[in-house]
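Colleague: generate a structure from the sequence data that follows.
(chains A and B)
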Amino acid sequence: AQSVAQPEDQVNVAEGNPLTVKCTYSVSGNPYLFWYVQYPNRGLQFLLKYITGDNLVKGSYGFEAEFNKSQTSFHLKKPSALVSDSALYFCAVIRAGNNRKLIWGLGTSLAVNP
Amino acid sequence: DTAVSQTPKYLVTQMGNDKSIKCEQNLGHDTMYWYKQDSKKFLKIMFSYNNKELIINETVPNRFSPKSPDKAHLNLHINSLELGDSAVYFCASSQGLAGGPWNEQFFGPGTRLTVL
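Modeller: Next up, the predicted model:
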C-alpha cells in the first residue's frame, strides 16, 4: 500500500538557520512526490515536485527538496529560514501509473523563531 | 483573479440541517477535488471529478453528495449535518488525468463549517 510519513509533528528553527522537514514514502513503482505549504487560515499552496531527472528539485520561496530513491525520502530544505516560513508543510506522493489520487502525509508544523 | 474560489467562507449551522458549499475554478482544469481538514489539520480526500465524472469516492457518509454541473464547478451538498462534520472543507483543481498525474493541485481558501 502507498503511504507517506512525516516523522516530525513540529520543527523549530532559528531565523537564518537552515531548515529540513522530513518525508519518507512507500510506493511500488516510481513515485511522483510533492510538497505543499499551508499558511494559517489559508488553503494549501504548491511548493515543488519531483517527477523524474535531477534528484534536487528547486521550488518556490527558496525551498528545495532532494529525492533519494535508496532511502525513499524526499526531504524539504531551505538554506536560511525566515520567520515568514512558519507554516504547516505537507508531503504527498502518487505512484506513476496511478493517476487517481495523492497520498498525503499528516503534516509538519514549522516554527521559525526570530 | 481568484483561481479557485469557494463560497461561503464560513458556515455555522445547527445539527440536522442541510447545507451546500460551492466551488469554482477559472484555470481551465479538468479535475476537481473536495478535501476535509479536521481540527488536527489532517487532510483527507473525499471526492474527485474529472470532466464531470466521479473518479474518486472515498469512504464518506452518503449524507455528502458532490455535484459537478460542468468541469469548472464542483459543489458539495451535506444532508443532516452532524457535530463531527465540523471541519474546514477545501476544494482543489488540477490538470489531472489527461495532463498526467504529476500536475500540482490548486486549492481554494477553504470553507470553515461549524455544526452546533
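Colleague: strands along chain A, start to end?
Modeller: A:3-5, A:10-14, A:19-21, A:24-26, A:31-38, A:44-50, A:56-58, A:64-68, A:73-78, A:87-95, A:103-104, A:108-113 (DSSP state E).
Colleague: mean neighbour count, distance to chain B and mean pLDDT for those - can I get that in a markdown table?
Modeller: Heads up, the C-betas are built off the backbone N, CA and C, glycines and all. Shown next, in a markdown table, are those (neighbours: other C-beta atoms under 10 Å in any protein chain shown; distance: least, C-beta to the nearest C-beta, whole Å; pLDDT from 0 to 100):
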| stretch | mean neighbour count | distance to chain B | mean pLDDT |
| --- | --- | --- | --- |
| strand A:3-5 | 16 | 11 | 94 |
| strand A:10-14 | 14 | 11 | 98 |
| strand A:19-21 | 21 | 14 | 98 |
| strand A:24-26 | 17 | 15 | 95 |
| strand A:31-38 | 24 | 5 | 95 |
| strand A:44-50 | 20 | 4 | 96 |
| strand A:56-58 | 14 | 12 | 96 |
| strand A:64-68 | 18 | 13 | 97 |
| strand A:73-78 | 20 | 14 | 98 |
| strand A:87-95 | 23 | 5 | 93 |
| strand A:103-104 | 20 | 5 | 92 |
| strand A:108-113 | 17 | 8 | 97 |
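Colleague: okay, now the unreliable bits of chain B?
Modeller: B:1, B:96-101 (pLDDT under 70).
Colleague: contact residues of it facing chain A?
Modeller: For chain B, the residues in contact with chain A (C-beta under 8 Å from any C-beta of the partner chain) are B:4, B:41-45, B:48, B:55-56, B:90, B:92, B:96-97, B:100-102, B:104-110.
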